[in-house]
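# below are the sequence and a predicted model; questions follow.
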Amino acid sequence: MESSTVSSTFRFRDHHQPEEATESDTSSGISSVSSDRDEESELESMTGEVDWVACFQSPLQLEYGIRRLCMEFLEIKEASDEDFYRNIFANYSAFIGIHEEVKDIEKKLMQLRTHVAMQKMLVKDLTDGLYLKVLSVQTMDSISEELICDESLPLNELEVHISNVSETLDVLLSENRADEAIAILEMEQENLQNVQYEDDTSSDVLMLYNNAISERKEMLILQLARVAENSRTSASELHKALVGICRLGQSHLATRLLLKYYHSRIASGIHNLQSSKSCLQGVYIRELSRFVFSMISQAARSFMMLYGETSAYASEFMQWIHEEIEVFAVSFTKYVKSISEISGGLSTAVEAVQFATSYCCQLETQRLVLQPLLIKHLRTCMENILAEHIEHFKKVISIFTASDAWVLGRYLVSGILNEGYSYVVVGQEPEYCLLTNSGRKFVTLLQAISKDVTPLAALQMEGSILAGLSDLFMEYITILEEAITCDVNMSEKSGFRVILAESVPQQVSILANLSTLEIFFSNTVRSIFRGTNCIDSEKIKIHRVGFPDQEVDSCVMFIQEASTRLKAQVFKQFIDRVLSPEVCKLTPEMWVDSENRSRLFNGLLPSSVFQSAKGILPIGFDFLVRQVLFLELRKLNKLSEDDIFEAKWLMQLIRELIEAIFAWISSNKKIWETDKGDLNFQHPEISDQFVLDMHFLVEAIKYGEYFSKDPLVPATLMKEAINSAGLDPFRDIYDDGWAMKAATEAVEKLLEIEKTELLLEDEAAEDLAVPSKNHFEHASDTFQDAARSSLDIFSSSEEDDEKI
């Protein structure tokens with residue numbers, strides 16, 4: 001419409017411009033009319049409406065007209081172009097829509113073609129089935145005759161069907177339409193099996209059919225495998241591809257691709273976590289445990305989705321899990337070994353184990369019990385970590401014991417025990433406990449270590465835990481032994497010199513401290529394995545099933561035996577100090593017989609003066625040995641008056657010391673036997689001396705009331721000692737009134753000496769517990785007068801016996 005308007009405008013302009021030109025140039029254009037008739041007719045034929053010849057009568061007018069004509073043509077062209085582009089822009093969206101509709105129609109046509117082919121096959125199968133059921137026997141015979149007559153028809157139809165199916169599958173494979181291709185392959189596989197049972201089908205056609213299906217099947221499996229192996233494939237796409245592979249009969253390949261996919265994800269995840277662990281070490285092991293066991297869980301769910309919830313896990317799948325846990329254990333070990341802080345390394349490692357076992361236990365809901373396998377791989381690493389920290393704690397013990405002065409202190413039990421621990425003594429929970437400075441620190445260290453190692457029981461490391469704690473306690477006992485034995489060389493080897501326990505109160509303080517620690521250790525160890533500790537007790541109860549209590553009892557007994565050995569060492573030192581050869585040989589007694597033969601005899605305990613039937617008389621004797629023993633026992637008994645030592649415990653210690661003295665006298669025959677070895681008959685004076693010594697010990701025991709609850713014990717001990725000496729207990733014990741009287745008087749005399757010694761105690765510079773040479777000389781001079789006066793007492797007592 002717009003174009004016709006433009007053309008009419010130009011036509012109107014063409015009608016009027018020639019008239020103006022004629023009016024202006026009439027005089028000059030008349031002469032050329034006749035010569036331009038042909039051009040006029042030609043132009044008239046071109047325009048069809050205007051007589052252009054009349055308009056142009058001169059060359060100048062012709063040129064001008066041509067130029068005007070060109071300008072009109074250009075205007076027409078521009079208007080036409082604008083109209084063209086305007087139409088294109090107005091119809092472009094419609095053109096694109098038509099193009100997309102054409103593509104959709106093509107896809108629908110392809111789907112329709114495939115659907116028609118499938119429906120054709122279904123209709124054919126349906127009609128064949130129904131037809132065979134409806135036809136009578138005669139009809140079947142007639143159809144059979146027709147088929148015999150024309151055998152080439154079904155073969156040709158089958159070949160056409162094979163061609164159509166192959167073409168359809170090729171199209172579906174090219175368009176990655178795996179589900180439709182799998183459905184057709186499953187249908188054709190079943191159809192092939194049905195055709196194989198027909199006798200009239202040639203083997204060549206069957207082979208062609210089988211090859212066509214097998215080739216497309218392999219192509220589809222390869223296509224799905226590539227999708228599964230792609231690292232960018234999502235979990236849903238992976239599952240879809242694996243399901244397709246399983247439907248095509250390649251379950252083993254599907255499992256392998258599934259495991260390969262999750263293995264690559266675990267490997268990449270571990271690498272990414274290791275790259276970022278330098279700044280997030282506290283989170284690394286937790287995230288590592290969560291990620292690895294989460295991947296295993298996802299793999300298990302994918303496996304169940306492929307093969308069913310009730311199906312068992314394949315051996316190949318379980319082997320893959322074992323390998324992945326081993327990979328996790330390697331990363332775990334590297335992380336634990338990289339921890340440089342020895343003070344907090346054990347707790348960090350234990351926390352890492354707890355994270356790992358916690359996430360591992362969550363897989364049990366998927367019928368995956370992997371904790372025994374995890375424990376197997378982590379136990380060796382944690383045992384090495386525990387051993388390293390035990391060695392470190394041994395050094396810590398050496399450090400804080402080096403400054404202990406072995407002074408006993410009373411501590412509130414509630415002030416030193418953490419929550420979840422107990423201190424029970426003979427069924428009671430005392431309010432206070434006795435410990436030295438190092439013992440107090442050892443209790444704190446023991447509780448801290450127990451808190452850290454308790455979760456390791458879930459790794460079945462009970463034996464390692466017991467061994468480590470026992471090693472720490474034995475290390476402490478060894479240091480106590482160094483202090484008691486005053487072994488400087490032994491303490492220097494450890495790198496730290498301990499303060500020596502040279503006095504009896506220091507040594508008794510060590511034994512009291514050790515007795516308290518022994519109870520603490522026993523209660524702590526039992527709390528670890530009985531779940532009474534507050535740290536993850538329920539989990540420990542579950543995983544320590546079958547751990548024998550005999551192991552704990554053996555550990556506690558081992559510590560008790562070590563404590564007993566240390567106590568025996570203290571008793572030995574006491575006996576050696578009191579009954580040492582140096583003390584015994586200060587003033588040997590001289591016995592002179594009627595033939596003027598003399599012999600030296602060293603009296604170890606107070607010697608009573610008596611007159612034998614042979615007329616042997618004592619020339620002199622010494623009270624130092626009995627005085628030292630009697631006063632040392634008295635000093636031990638008085639320690640309970642300081643309100644530091646417990647009276648019951650101290651009395652039990654003295655009783656054990658007395659038993660050790662009797663045992664020492666019985667086992668060390670050199671102190672009373674002669675060089676000829678016959679005590680009873682050849683040297684009756686020595687046997688009398690031995691009996692007198694035994695009675696003195698019994699009287700000292702009675703006076704101290706050490707066995708007040710069991711008074712028969714001293715008599716039993718004396719009887720055993722006399723039996724060990726080869727004497728007759730009935731004759732030497734019950735027919736020895738003189739010895740009992742002399743022993744009683746000796747005890748009374750020693751009590752008087754004790755009073756004298758108390759007056760001189762402020763002037764004494766050294767303790768009598770470690771007597772020096774000057775000490776013995778001073779003691780000998782002090783008690784010489786008492787010894788001489790005692791001669792008269794013993795002589796008078798013998799005279800009384802003779803009168804009796």
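Right, received. Where do you want to start?
# alpha carbons only for contacts and neighbour counts from here, please
Will do.
# in the protein, which spans are strands?
409-412, 432-435, 589-592, 598-601, 617-618 (DSSP state E).
# how many neighbours does residue 756 have?
Neighbourhood size, residue 756 [other Cα atoms under 10 Å]: 12.
# oh, I was asking about residue 298
14.
# residue contacts, it?
Applying Cα atoms under 8 Å, 6 or more residues apart in numbering to residue 298 gives no contacts.
# ok, it to residue 373 distance?
Distance of residue 298 to residue 373, computed by Cα to Cα, to the nearest Å: 19 Å.
# break the chain down into its domains, please.
Using the TED database, the domain ranges for the chain come out as 65-132, 204-380, 390-488+495-530+547-578, 580-587+616-672+685-761.
# can you redo the ones you listed as CSV with distance to residue 165 and mean pLDDT?
As requested, the domains of the chain are exported to CSV (distance: least, Cα to Cα, whole Å; pLDDT from 0 to 100):
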stretch, distance to residue 165, mean pLDDT
domain 65-132, 8, 80
domain 204-380, 9, 87
domain 390-488+495-530+547-578, 61, 87
domain 580-587+616-672+685-761, 101, 72
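# remind me, longest helix of the chain?
Criterion DSSP state H: the longest helix present in the chain is helix 59-134.
# now for that one, which elements pack on it?
helix 2-24 (3 or more Cα pairs under 8 Å, 6 or more residues apart in numbering; DSSP states H and E).
# before we move on, back to that, distance to residue 158 added to the domains of the chain, as CSV?
Shown next, in CSV, are these (distance: least, Cα to Cα, whole Å):
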stretch, distance to residue 158
domain 65-132, 11
domain 204-380, 8
domain 390-488+495-530+547-578, 68
domain 580-587+616-672+685-761, 107
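# out of these, nearest to residue 171?
domain 65-132 (9.0 Å; Cα to Cα).
# for residue 224, give its distance to residue 301.
Distance of residue 224 to residue 301, computed by Cα to Cα: 20 Å.
# okay, those two: which has more neighbours?
Applying other Cα under 10 Å to residue 224 and residue 301 shows that residue 224 carries more neighbours, namely 22 against 14.
# next up, the contacts around that one.
So residue 224 contacts 178, 241, 242, 244, 245 (Cα under 8 Å, 6+ apart).
# list the contacts of the last one.
Going back to what we said before, that points to residue 245. 221, 224, 225, 251, 253, 254.
# kindly recompute the last result at 7 Å.
Neighbouring residues of residue 245 by Cα atoms under 7 Å, 6 or more residues apart in numbering: 221, 224, 251, 254.
# in helices only, show me the residues you listed.
The helices, defined by DSSP H, take in 221, 224, 251, 254 from the contacts of residue 245.
# for the residues you listed, work out which two are farthest apart.
Using Cα to Cα, the pair of these lying farthest apart is 224 and 251, separated by 12.8 Å.
# circling back: who wins for proximity to residue 159 among the domains of the chain?
Nearest to residue 159, of all the domains of the chain, is domain 204-380, at 7.1 Å by Cα to Cα.
# kindly check the end-to-end length of that closest one for me.
Using Cα to Cα, first and last residues of domain 204-380 are 66 Å apart.
# burial of residue 371, as a residue count?
Other residues near residue 371 come to 21 when the count uses other Cα under 10 Å.
# tell me which residues touch the closest residue in space to it that isn't next to it in sequence, please.
What sits nearest to residue 371 in space, not counting adjacent residues and going by Cα to Cα, 6 or more residues apart in numbering, is residue 360, at 6.2 Å. Neighbouring residues of residue 360 by Cα under 7 Å, 6+ apart: 293, 370, 371.
# state the distance from the second one to residue 93.
By that I understand residue 370. Distance, residue 370 to residue 93, using Cα to Cα: 63 Å.
# compare the two (neighbour count), which wins?
A count of neighbours by other Cα under 10 Å puts residue 370 above the other of residue 370 and residue 93, at 18 against 11.
# contacts only, for that one.
So residue 370 contacts residue 360 (Cα under 7 Å, 6+ apart).
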